[in-house]
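J.: here is a sequence together with a model predicted from it:
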Amino acid sequence: MDDEPRFLRSNVNVEPLADRFYATLNTVAPVQAAMNLAFLQLPMLESYVKSPQVHINASRNPQLRGGFFVDIEAARTREVRDLVTRLKRDRTELLRLAAAVAEADEVVRQGATGFDLRPLYPKLSAALSGLVEIVYDTSNQPSMRFIEPLLYESSFHVEDRQSVRLFLDEGAERPFVMSTPRLASPDVLDIDIPFRHPGLAELFGARLSATTLARLRDALEIGDEQAEQLSGLLASEPDLLPDRHIDSGARIRYFGHACLVMQTPQAAIITDPWVSSDSAAAGRYTYRDLPDHLDLALITHGHSDHVVLETLLQLRGRVDRVVVPRSSRGNLCDPSLALYLSHAGLPTIEVDDFSEVEFPGGRVVATPFLGEHADLDIRAKSTYCIELGGRRMFVGADSSGIVPGLYRYMRQHVGPVDMAFLGMECAGAPLTWAYGALLVRPVTRGMSDSRTLSGSNAVQAAAIVTELGAEEAYVYAMGEEPWRVHVMATNYTDDSYQLKQVAEFMTWCADHGVKSGHLLGQQEWRW
């Protein structure tokens, strides 16, 4: 039986983990991972060990949904305590790096007074030697620049932190993953291999091409017990829908959140890939609907609902190039998406504002992305204008229309667009929710609450559509899809400001002759 043809079931879920936590850009990139481990994850686990029931109660409170609480039953407190012990024992290098960064910030703050910076280097921890540069900007404000490629080659990039968890999607709502480590469970398969491991390409390629259990066992380097678990995730036939390809014209399919698949018979592009694995559910596209080959995957920015590693890993061998915006090259809050994804085994290229990427029958122009990053100096963010099938689409993600003049310039550069896809999470999480562990200098509650991860409101969205000359405008679902709550943890009601702003924008579109819609689940456009 080990040599019989087998395919990966379409409803297999994948969770990439780093030290048992759900893997994101800021928990994998070396410096950011160190800061999150030292200043968020370990303190959170230690707090749970002291008062498990406080965390459990908070996790089950709808008003606190998305908060950083550990949702693990009290009977497993000892396992969490053991995890804390292992992390403190095995991650001394990362903890040393986090301490060195905090100390270096103090050195720079106290010592960089406008004069020569060279005397500061000997005062930095040996852990940072050769890995940072201290600089002034033209306002004489000092900062540190981390040399990220070297950090990925150093002892601080620990690949044995990485593992992959596999389990069948039975339609149940997945619990919030951003704060709760994944403990061992008999109904899941945990494989301790790095994300770039070639065995994962063999595994996920089995959605399209037959393999055998014996080949997978060798490729993934697993033993008999894990192979037996893996066999339950395999089927004798592929589960693919015939209309995942088209023979003529062009098509856009909305896969949920900010994920669009744009196709002609010659090419296919996916934006911010995040594909549902629940193949039994109605009202959504899943892996069964995904084209066999993708020319490009476009990433707009590094937030965990837009660069979704659980989907991107499953595109290995299926996508030619993952297009990512270029980072600032070493800013603490702006880790490189290209380094992150290339070290996960994905073919990655970087773009700057107004870079162009061609594909069969069309092109992509990277365009500026304003706001949504709590006013931090983050450059790794891009919107895109896509020319495909004789139309031009603007993929705006969560960018803000706070400065309408930008979109006027964009129209002059790329021409008017036919369709605009926008995010309108206009009352987003505060600064510290996403970036608290990276803030070496504390901010006040008022500062944090004033600086949010917010996209366009109704007025700003209308400005984007007006300046781009869009004939159609569509607003992404903002975490409203129940199969996204494990990352989004949104809790909207009819009175939510965000939904009221979307309704106001829909009214504006109707009044101005712009075809519009608030997307949810799945939708298709053909021409």
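T.: Looks like it arrived, so ask away.

J.: residues touching residue 147, list them.
T.: Residues in contact with residue 147 (Cβ atoms under 8 Å, 6 or more residues apart in numbering) are 130, 131, 132, 133, 330. (Glycine included, C-beta is placed from N, CA and C.)

J.: what's the neighbour count on the first one?
T.: The reference is to residue 130. 9 (other Cβ atoms under 10 Å).

J.: look up phi and psi at it.
T.: Note on residue 130: its backbone torsions stand at phi 80, psi 0 [degrees, to the nearest 10].

J.: let me have the contacts of residue 147 in TSV, extended by pLDDT, secondary structure and distance to residue 344.
T.: Formatted as TSV, the contacts of residue 147 follow (pLDDT from 0 to 100; DSSP: H, G, I helix; E, B strand; the rest coil; distance: Cβ to Cβ, whole Å):
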residue	pLDDT	secondary structure	distance to residue 344
130	96	coil	25
131	98	coil	21
132	98	strand	24
133	98	strand	26
330	94	coil	20
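
J.: which one of these sits closest to residue 397?
T.: residue 330 (23.7 Å; Cβ to Cβ).

J.: measure the most centrally placed residue in the chain to residue 488 for me?
T.: Closest to where the C-alpha atoms of the chain average out (Cα atoms, centre = their mean) is residue 307, at 2.5 Å. Distance, residue 307 to residue 488, by Cβ to Cβ, to the nearest Å: 14 Å.

J.: same check, this time on residue 224
T.: Taken as Cβ to Cβ, the span from residue 224 to residue 488 is 38 Å.

J.: between the two, who's got more neighbours?
T.: residue 488 (22 against 7).

J.: the closest residue to the more buried one other than its chain neighbours in helix, strand or coil?
T.: Excluding the flanking residues, the one nearest residue 488 by Cβ to Cβ, 6 or more residues apart in numbering is residue 479, at 3.2 Å. State at residue 479, reduced to three classes by DSSP: H, G, I helix; E, B strand; the rest coil: coil.

J.: i'd like the first residue to be 32 from this point on
T.: Will do, 32 is the new start, and the previous item becomes residue 510.

J.: got the contact list for residue 510?
T.: Residue 510 makes contacts with 288, 336, 456, 516, 519, 520, 521, 523, as judged by Cβ under 8 Å, 6+ apart.

J.: go on, residue 277?
T.: Residue 277 touches 294, 295, 296, counting by Cβ under 8 Å, 6+ apart.

J.: pretty sure residue 337 is touching residue 328, no?
T.: No. With contacts counted by Cβ atoms under 8 Å, residue 337 stays clear of residue 328, the gap being 11.4 Å.

J.: of those two, which one has the most company?
T.: Higher neighbour count among residue 337 and residue 328: residue 328, with 27 against 21, using other Cβ under 10 Å.

J.: test my guess that residue 302 contacts residue 290.
T.: Yes. Using Cβ under 8 Å as the test, residue 302 is close enough to residue 290 to be in contact (6.3 Å).

J.: settle it for me: which of the two has more neighbours?
T.: More crowded of residue 302 and residue 290, by other Cβ under 10 Å: residue 302, with 26 against 22.

J.: surely residue 90 meets residue 207?
T.: Yes. Judged on Cβ under 8 Å, residue 90 makes contact with residue 207 at a distance of 7.4 Å.

J.: return every residue with contacts to both of these two.
T.: With Cβ under 8 Å, 6+ apart as the test, residue 90 and residue 207 both reach residue 102.

J.: quick check: phi and psi on the residue nearest to residue 57 when sequence neighbours are not counted?
T.: With Cβ to Cβ, 6+ apart as the criterion, residue 57 has its nearest non-adjacent residue at 4.3 Å, and that residue is residue 63. Dihedral pair for residue 63: phi -70, psi -40, per degrees, to the nearest 10.

J.: can you count the residues close to residue 63?
T.: 27.

J.: dump the residue contacts of residue 90.
T.: Taking Cβ under 8 Å, 6+ apart as the definition, contacts of residue 90 comprise 98, 100, 101, 102, 206, 207, 211.

J.: relative to residue 202, how far out is the first one?
T.: It stands for residue 98. For residue 98, the distance to residue 202 (Cβ to Cβ) stands at 25 Å.

J.: tell me which of those two has more neighbours.
T.: Ranked by neighbour count (other Cβ under 10 Å), residue 98 and residue 202 place residue 98 first, with 15 against 12.

J.: quick check: that one vs residue 209, distance?
T.: The value you get for residue 98 to residue 209, if Cβ to Cβ is used, is 10 Å.

J.: for residue 244, which residues are in contact?
T.: By Cβ under 8 Å, 6+ apart, the neighbours of residue 244 are 32, 33, 34, 35, 37, 258, 261, 262, 265.

J.: for the third one, helix, strand, or coil?
T.: Judged by three-state DSSP, the three-state class of residue 34 is coil.

J.: and it, how far from residue 270?
T.: Distance, residue 34 to residue 270, by Cβ to Cβ: 21 Å.

J.: so which strand or helix has the residue located most distally from the centre of the chain?
T.: Farthest-out residue of the chain from its mean C-alpha position, per Cα atoms, centre = their mean: residue 146, at 40.1 Å. Per DSSP states H and E, residue 146 falls between elements, in no helix or strand.

J.: isn't residue 93 up against residue 524?
T.: No. Using Cβ under 8 Å, residue 93 is not in contact with residue 524; the gap is 10.2 Å.

J.: helices or strands up against the longest helix along the chain?
T.: Longest helix in the chain, counting residues (DSSP state H): helix 123-142. Helix 123-142 sits against helix 61-67, strand 173-177, with contacts defined as 3 or more Cβ pairs under 8 Å, 6 or more residues apart in numbering; DSSP states H and E.

J.: what average pLDDT does the helix or strand that comes right after the first one get?
T.: Think helix 61-67. Using DSSP H and E, the helix or strand that follows helix 61-67 in sequence is helix 73-81. Taken as a whole, helix 73-81 has an average pLDDT of 97.

J.: and the contacts of helix 73-81?
T.: The contact list for helix 73-81 (Cβ under 8 Å, 6+ apart) reads 85-86, 99-101, 103, 108, 111-112, 114-115, 118-119, 210, 212.

J.: and the two most separated of those residues?
T.: 85 and 119 (22.0 Å).

J.: tell me where the stretch 432-558 of the chain has helices.
T.: 435-445, 462-466, 476-481, 489-499, 516-519, 528-542 (DSSP state H, counting those that start in this stretch).

J.: which one of residue 34 and residue 270 has more residues nearby?
T.: Higher neighbour count among residue 34 and residue 270: residue 270, with 15 against 9, using other Cβ under 10 Å.

J.: just for the stretch 82-231 of the chain, where's the confidence low?
T.: Judged against pLDDT under 70, the stretch 82-231 of the chain has no low-scoring part.

J.: and the helices in it?
T.: Using DSSP H, counting those that start in this stretch, helices in the stretch 82-231 of the chain cover 83-90, 108-121, 123-142, 179-184, 229-236.

J.: can you give me the buried ones in the third one?
T.: Same thing as helix 123-142. 125, 127, 128, 129, 131, 132, 134, 135, 136, 138, 139 (16 or more other Cβ atoms under 10 Å).

J.: can I get those residues in TSV with distance to residue 323?
T.: Shown next, in TSV, are those (distance: Cβ to Cβ, whole Å):
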residue	distance to residue 323
125	39
127	46
128	42
129	43
131	47
132	44
134	51
135	48
136	48
138	53
139	51
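
J.: before we move on, the earlier item: quick one: which of the contacts of helix 73-81 is most hemmed in?
T.: residue 86 (25 neighbours).

J.: residue 175 is in contact with residue 136, correct?
T.: Yes. Between residue 136 and residue 175 there is a contact under Cβ under 8 Å: 7.2 Å.

J.: right, so the helices and strands packed on helix 123-142: which one is the most enclosed?
T.: For these, average neighbour numbers computed from mean count of other Cβ atoms under 10 Å are highest in helix 61-67, which has a mean of 26.

J.: count of neighbours near residue 258?
T.: The burial count for residue 258: 17, using other Cβ under 10 Å.

J.: check residue 256 too.
T.: 9.

J.: any idea how far residue 215 is from it?
T.: Remark: distance between residue 256 and residue 215 (Cβ to Cβ) = 13 Å.
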